[in-house]
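*Asks:* Got a sequence here, can you build the structure:
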Amino acid sequence: MGAFDFVKKVMPKRLKIQDRFHVRKEMISGTMSKFYMVEDKVTGETFGLKVLDKEKTKQFEDRFKVLKVKKPSEGEIAMKFDNPYIAKTLEIGTTDHGEPYLLMEYLHGTGLNNILLIKQDLLAGGRMRYIRQCAEALAHVHSRGFIHRDYCPRNLMFTGDGTALKLIDFGLSVPNQPPFTDAGNRTGTPAYMAPELIRRHPTSEKLDVFSFGVTMYELCTRQLPWPTASRGGLAAMSHDQPATPITELRPSINPRLARAIHSCILPNPKDRPSMQDFLTAIRTVKYEDGQ
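*Replies:* So this is what the prediction gives:
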């Protein structure tokens, strides 16, 4: 074998999307990526294909160069998780145009953010199941040593049959260790940001716990915990103020569930539970309402 043949063998192949897949649909895309529903030309299987904008991804990753510690890529982080309530990443690589990609299981449902906009209560009878699934997924992320950093309804997707709600999108995720947890990194969605993030304090997995609490509060009430909160850039400025008691918006909620959710959105991260503590607190709660 010649040297050139050896190089060809050990170098990873670049994905030519049109050669391997039928692109069935372009889904809603984010600011740093595009997402497609694709069908494998050989097996006929359907997947989700996330293709990252290489320039915007580089700009984001370059922010961490000053730390002198290599940040794992989104794909490298996503590949570390194996949980039924986290969308499975099956393959990562680079396209023939130099764009990083993630090949994922395709979830045929919609985002929790869309369900919360529908007047009909499509979550009735299933909230406790979904709350537990969400908590288990985030506990798994933390157990693997990472912080999601953008936990919100937009990043929770239903399966097609509605039996599961899965966590997606690790584009802003970082290892739960210095220097990634040092003060200064304010990425996330403002309406779900923890106070320590907006105040530029050091962070931990407890900022995910806060975002989880806000999301579960909204899942139960369709409203955010702070009556004056906007969803714009200044939304997080009110998050160190007392939240509206969830019982005012949902009087019949199970008291243990209400207490557990409120414990997640306490201003001081030291006062918030871990996700495992949250799961323990709701272990015997059978219904979201107190019947």
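*Asks:* Can you tell me the element Asp82 falls in?
*Replies:* Here Asp82 is covered by no helix or strand, with elements defined by DSSP states H and E.
*Asks:* any idea how far Glu39 is from it?
*Replies:* Asp82 sits at a distance of 25 Å from Glu39 (criterion: C-beta to C-beta, to the nearest Å). Backbone N, C-alpha and C define where each C-beta goes, glycine included.
*Asks:* and what of Lys58?
*Replies:* 30 Å.
*Asks:* Those two: who's more crowded?
*Replies:* Neighbours of Lys58 and Glu39, each counted by other C-beta atoms under 10 Å, are more numerous for Glu39; the result is 17 against 11.
*Asks:* Name all residues that make contact with the spatially closest residue to His201 that is not a sequence neighbour.
*Replies:* Residue nearest to His201 in three dimensions, not counting chain neighbours: Ala183, with 5.6 Å by C-beta to C-beta, 6 or more residues apart in numbering. When contacts are counted by C-beta atoms under 8 Å, 6 or more residues apart in numbering, Ala183 touches Arg200, His201, Pro202, Thr203.
*Asks:* and the nearest residue to the first one once chain neighbours are set aside, which of the three is it?
*Replies:* Looking back up the chat, that one is Arg200. In space, and not counting its chain neighbours, Arg200 is closest to Ala183: 4.8 Å by C-beta to C-beta, 6+ apart. Classification of Ala183 using DSSP: H, G, I helix; E, B strand; the rest coil returns coil.
*Asks:* Need phi/psi at Ala183.
*Replies:* Per-residue torsions, Ala183: phi -60, psi 150 (degrees, to the nearest 10).
*Asks:* What's the separation between it and Ile77?
*Replies:* When Ala183 is compared with Ile77 (using C-beta to C-beta), they lie 22 Å apart.
*Asks:* Over to Arg283?
*Replies:* For Arg283, the distance to Ile77 equals 29 Å [C-beta to C-beta].
*Asks:* can you dump the C-alpha coordinates of the helix or strand containing His262 into CSV?
*Replies:* His262 belongs to helix 255-264 when assigned by DSSP H and E. Coordinates of each C-alpha in helix 255-264 appear next as CSV, following Å, rounded to 0.1, in the frame of the first residue of the first chain:
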residue,chain,number,x,y,z
PRO,A,255,-48.6,20.3,46.3
ARG,A,256,-45.4,18.2,46.2
LEU,A,257,-45.0,19.0,42.5
ALA,A,258,-45.7,22.7,43.1
ARG,A,259,-43.0,22.8,45.8
ALA,A,260,-40.5,20.8,43.6
ILE,A,261,-40.9,23.2,40.6
HIS,A,262,-40.6,26.3,42.8
SER,A,263,-37.4,24.9,44.4
CYS,A,264,-35.8,24.8,40.9
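*Asks:* Now do the buried residues in it.
*Replies:* Neighbour-count burial for helix 255-264, counted by 16 or more other C-beta atoms under 10 Å, picks out Leu257, Ala258, Ala260, Ile261, His262, Ser263, Cys264.
*Asks:* again, but for stretch 115-135
*Replies:* Using 16+ other C-beta under 10 Å as the burial criterion, the residues of stretch 115-135 that qualify are Ile115, Leu116, Leu123, Arg127, Met128, Tyr130, Ile131, Arg132, Gln133, Cys134, Ala135.
*Asks:* do the same with stretch 58-72
*Replies:* Of the residues in stretch 58-72, those buried (16+ other C-beta under 10 Å) are Phe60, Lys71, Pro72.
*Asks:* Do me a favour and get the backbone dihedrals for Glu76.
*Replies:* In terms of degrees, to the nearest 10, the main-chain angles of Glu76 are phi -60, psi -40.
*Asks:* Excluding chain neighbours, give the residue nearest to it in space.
*Replies:* Spatial nearest neighbour of Glu76, excluding adjacent residues (C-beta to C-beta, 6+ apart): Ile92 at 7.0 Å.
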